[in-house]
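Participant: Everything below, folded, please.
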Amino acid sequence: MIKRLHTASVIQMLLIALITVTPAFGQGGRGGRGMMGDAAHSADMQLFHQLFEHRTEINRQVVAREDGIEIVTESKNPEVTRLLQTHVASMLARVKEGRSIHQRDPLFVELFRNADRIEARHEPTAGGVRVIETSKDAYVVKLLQAHAEVVSAFLANGRSEMMKNHPVPPR
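Facilitator: Sure thing, here's the model as predicted:
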């Protein structure tokens with residue numbers, strides 16, 4: 001029974017990785033660099049998985065603003081704090097550089113399509129990181145807020161949420 005459960009969980013993890021990663025081959029943000037030309041992709045995926053393993057140790061507060069979002073994500077576990085800070089810095093660099101990720105999900109595709117309209121800043125906190133993302137474009141504000149909700153759902157629901165496609169908000 002234990003061996004069967006272990007095998008099933010390994011197969012599930014491999015399927016998640018394949019479904020999440022495979023569409024990224026040949027796709028890319030600005031410059032046409034897909035996963036193959038993105039040296040940070042593997043490290044970013046590893047961070048995702050580590051954060052999923054510790055999701056019950058993460059607290060997240062999201063405040064919708066008229067011009068975007070403000071989020072504080074923290075943990076009492078120092079290792080998770082470090083993971084959060086590293087993950088946020090990496091994801092904001094991806095947005096700034098147009099290096100898309102999670103291209104199977106329509107919301108992520110649209111968010112990266114509009115990355116040049118996002119202003120983002122972050123700062124470390126004692127237990128994690130504060131992120132402020134804004135835009136002068138009302139549609140991009142909707143995208144930022146929808147993305148924040150999805151990331152909160154990732155923490156609440158785990159890997160099963162990552163398998164879902166998330167709708168793009170109306171213009």
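Participant: Can you classify the residue positioned nearest the centre of the chain by secondary structure?
Facilitator: What sits nearest the mean C-alpha location of the chain, by CA atoms, centre = their mean, is Val151, with 6.3 Å. Put simply, Val151 is helix when judged by DSSP: H, G, I helix; E, B strand; the rest coil.
Participant: Not counting its neighbours along the chain, what's nearest it?
Facilitator: Arg60 (7.5 Å; CB to CB, 6 or more residues apart in numbering). C-beta coordinates here come from the backbone N, C-alpha and C atoms, glycine included.
Participant: ok, what's across the strand from Ile132?
Facilitator: Glu70, Arg121 (DSSP bridges).
Participant: ok, it touching Ala64?
Facilitator: No: proximity of Ile132 to Ala64 does not meet the contact threshold set by CB atoms under 8 Å, at 11.9 Å.
Participant: quick one: low-confidence parts of this protein?
Facilitator: Scanning the chain for pLDDT under 70 picks out the ranges 1-37.
Participant: Do a quick rundown of the strands in it.
Facilitator: 58-65, 68-75, 119-124, 128-134 (DSSP state E).
Participant: Nearest to Thr86, out of those strands?
Facilitator: strand 128-134 (9.4 Å; CB to CB).
Participant: Identify all contacting residues around that closest one.
Facilitator: 58, 65, 67-75, 80-81, 84-85, 88, 92, 118-124, 141, 144 (CB atoms under 8 Å, 6 or more residues apart in numbering).
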